[in-house]
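Undergrad: My questions are about this predicted structure, shown below with the sequence.
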Amino acid sequence: MTLLRSFKFVLIALVLAAVAGCATVGHDFPTHNVDQIRIGETTRADIQELFGEPWRTGIEDGKRTWTYGKYKWSAFGEAETTDLVVRFNQDGTVSSYVYNTTE
C-alpha cells in the first residue's frame with residue numbers, strides 16, 4: 001500500500017510540474033488573412049474584420065499599433081509563438097506590418 005501511495009504522489013507531482021512549466025499569453029487569430037493586408041489601402045476597420053479585436057494596442061513613433069499574438073512557452077519543449085504587429089497612418093490605413101511565427 002505504501003508503494004502505491006508513493007507512486008500516486010510522484011505521479012501527481014509530475015503532472016503538477018508539467019502544468020506549472022507551461023504558459024500561454026495572447027489568443028489565436030486567423031493567420032491565413034495576413035496576405036490580404038495592403039499598405040496604404042487596408043484600414044483599421046478592415047484589420048478588425050480580418051483578425052478581430054487586437055490583443056494589445058499602443059503607439060510607436062506616434063503611430064497607432066495593434067498587436068495580435070499567441071505565445072506559448074513550455075519548460076519541457078520549444079516555444080510556439082505567432083504575432084502580427086500592424087502600424088497605422090494618421091488616416092487609419094496600414095503604414096506597415098510585421099508577421100512572425102515559429103510554426
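TA: Okay, I see it.
Undergrad: Check the burial of residue 45 by counting its neighbours.
TA: 9 (other CB atoms under 10 Å). (Glycine included, C-beta is placed from N, CA and C.)
Undergrad: Using CSV, list the CA coordinates for the strand or helix carrying it.
TA: Here residue 45 is covered by helix 44-51, with elements defined by DSSP states H and E. What follows is helix 44-51, C-alpha atoms only, in CSV (Å, rounded to 0.1, in the frame of the first residue of the first chain):
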residue,chain,number,x,y,z
ARG,A,44,-8.3,49.7,-39.2
ALA,A,45,-11.9,48.5,-39.9
ASP,A,46,-10.5,46.0,-42.4
ILE,A,47,-7.9,44.8,-40.0
GLN,A,48,-10.5,44.3,-37.3
GLU,A,49,-12.7,42.4,-39.7
LEU,A,50,-9.9,40.2,-40.8
PHE,A,51,-8.4,39.5,-37.4
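Undergrad: what's it in contact with?
TA: The contact list for helix 44-51, computed with CB atoms under 8 Å, 6 or more residues apart in numbering, reads 29-30, 33, 36-37, 54, 64, 66, 68, 84, 86, 88, 92, 94.
Undergrad: Distance from the chain centre to the helix or strand just after that helix, please.
TA: As assigned by DSSP H and E, the chain's next helix or strand after helix 44-51 is strand 56-60. The chain centroid and the centroid of strand 56-60 are separated by 15 Å under CA atoms, centre = their mean, to the nearest Å.
Undergrad: again with stretch 36-44
TA: 21 Å.
Undergrad: Tell me the buried residues in it?
TA: Within stretch 36-44, the residues that qualify as buried are 37, 42, 44, counting by 16 or more other CB atoms under 10 Å.
Undergrad: likewise stretch 96-103?
TA: Quick answer for stretch 96-103 (16+ other CB under 10 Å): residue 97.
Undergrad: Give me the distance from it to the chain's centre.
TA: Here stretch 96-103 is found 10 Å from its chain centre; the criterion is CA atoms, centre = their mean.
Undergrad: Other residues contacting stretch 24-37?
TA: So stretch 24-37 is in contact with 42, 47, 50-52, 55, 68-73, 82-84, 86, 94, 97, 99, 101, going by CB under 8 Å, 6+ apart.
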